[in-house]
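this one's sequence-less:
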């Protein structure tokens, strides 16, 4: 076994963005690997990474109180199942769904990128979509895409957090990578996010501005399902660079991070459902001091304007 730092229950909770009681429940259900040193519970970094990888391995994963149930089709009438589906890949949504369940809402999770999240909202397959899609023409986030992907649908955009997007590079930056221009170099190999992910859209928009074709970038077609496997690939030398969020860079050894863009991570709801009991509970949670404090000790989240309605389209 490679030498790793032993993680405490609080360390694991911080990384996953959940409470310690949630970690203990996960141990009880066998969802995460742990071991004991005397009477203290400990985790390996690989064990926590494995849990995240398994949780995001499928494009769509439904969460219930008893664990993750993978599926390729979201139920068209999810209300018939008594479910309320939050769509998106950030761990902040896992915490939100936990809070909603504690308030009596049968909240489920669908792990899928921003573009497809909005498409599923348009098709009435999910209740809430998350989005962090940058539009290069207007230098704004989300609104241009929501207008295009939900034509004729009145929507409300609720701000959740801001995150820093940038480049994962190996410690010490041996390839001397500085920004988007380096993707045209033939000595650089990347690993990419899946189609529809906000990080991939950010990359593609910047490549387009520079006149760089994706097909000309080494590794462009090699994909990972979330930020963590991308950072791990760079850390292990399987790639030189990847696009991702700052928070994950702090969790992976042998990684440096080049910040490039402050992004808006927003929630999108159809306006006709804003007064529903489930959405009202969600809004109450997002605007609560307790929910914001969950992320006060976790780097990479700016919750200053959390809960504010930023636009109605």
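Sure, I can see it. Just so we're clear, the structure is a prediction, and the values are computed from it rather than from any experiment.

which residues in the chain form helices?
Listed in chain order, the helices of the chain (DSSP state H) span residues 9-16, 20-28, 45-55, 91-102, 114-122, 143-149, 198-210, 227-235, 246-249, 277-286, 289-293.

which one, of those helices, ends up nearest to residue 179?
With respect to residue 179, and counting by Cβ to Cβ, the nearest of these is helix 198-210 at 8.8 Å. From N, CA and C alone the C-beta is placed, and that goes for glycine too.

lowest-pLDDT helix or strand in the protein?
Across the helices and strands of the chain, the lowest-confidence element by mean pLDDT, DSSP states H and E is strand 67-70, at a mean of 33.

pLDDT score assigned to the nearest residue to residue 252 once chain neighbours are set aside?
Sequence neighbours aside, residue 231 is the residue nearest to residue 252 in space, at 4.3 Å (criterion: Cβ to Cβ, 6 or more residues apart in numbering). At residue 231 the predicted local confidence, pLDDT, stands at 91.

show me the domain layout of the protein.
Taking automatic domain parsing as the criterion, the chain consists of the domains 1-47, 48-161+266-312, 165-262.

quick one on the thing from earlier: so which of the helices of the chain gets nearest residue 270?
Within these, the stretch nearest residue 270 is helix 114-122; the backing value is 7.0 Å (Cβ to Cβ).

flag every buried residue along that closest one.
Judged by neighbour count (16 or more other Cβ atoms under 10 Å), helix 114-122 contains these buried residues: 114-122.

please apply the same query to stretch 236-244.
Of the residues in stretch 236-244, 238-244 count as buried by neighbour count, 16+ other Cβ under 10 Å.

would you check which pair of those residues lies furthest apart?
238 and 243 (15.4 Å).

how much space separates the closest residue in space to residue 85 that isn't next to it in sequence from residue 84?
Spatial nearest neighbour of residue 85, chain neighbours left out: residue 126 (4.3 Å); criterion: Cβ to Cβ, 6+ apart. Counting by Cβ to Cβ, to the nearest Å, the gap between residue 126 and residue 84 amounts to 9 Å.

of those two, who's got more company?
Per other Cβ atoms under 10 Å, whichever of residue 126 and residue 84 has more neighbours is residue 126, with 27 against 23.

so the more buried one is in contact with residue 83, correct?
No - counting by Cβ atoms under 8 Å, residue 126 stays clear of residue 83, with 9.8 Å between them.

rewinding a little: by mean pLDDT, show me the worst of the domains of the chain.
Across the domains of the chain, domain 1-47 gives the lowest mean pLDDT, at a mean of 76.

do you know how far the closest residue in space to residue 27 that isn't next to it in sequence is from residue 28?
Taking Cβ to Cβ, 6+ apart as the measure, residue 27 lies nearest to residue 34, with 5.2 Å between them; neighbours along the chain are not counted. Distance from residue 34 to residue 28, counting by Cβ to Cβ: 10 Å.

I figured residue 310 hits residue 159, correct?
Yes - with contacts defined as Cβ under 8 Å, residue 310 counts as touching residue 159 at a distance of 4.9 Å.

neighbour count: the two, which is higher?
When neighbours are counted by other Cβ under 10 Å, residue 159 comes out ahead of the other of residue 310 and residue 159, with 21 against 14.

of all residues in the protein, which one is nearest the centre?
Most central residue of the chain, judged by C-alpha distance to the mean C-alpha position with Cα atoms, centre = their mean, is residue 90 at 2.5 Å.

next one: phi and psi at that residue?
Backbone dihedrals for residue 90, given as degrees, to the nearest 10, come out at phi -80, psi 150.

what's near enough to touch it?
The neighbourhood of residue 90, defined by Cβ atoms under 8 Å, 6 or more residues apart in numbering, consists of 130, 161, 163, 265.

and the last one, what's its pLDDT?
The reference is to residue 265. Looking at residue 265, its pLDDT reads 94.

can you count the residues close to it?
Using other Cβ under 10 Å, residue 265 has 24 other residues around it.

contacts only, for it.
Contact criterion Cβ under 8 Å, 6+ apart gives 90, 92, 130-132, 160-163 as the residues in contact with residue 265.

out of the residues you listed, name the ones that lie in strands.
With strands taken from DSSP state E, the overlap with these comprises 130-131, 160-163.

export the residues you listed to CSV and append columns for distance to residue 45.
What follows is those, written out as CSV (distance: Cβ to Cβ, whole Å):
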residue, distance to residue 45
130, 27
131, 30
160, 27
161, 24
162, 27
163, 22
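
among those, which one lies nearest to residue 140?
Looking at the ones in strands among the contacts of residue 265 and their distance to residue 140, the nearest is residue 131, at 11.8 Å (Cβ to Cβ).

do you know how far that closest one is from residue 210?
Between residue 131 and residue 210 the distance is 24 Å, computed by Cβ to Cβ.
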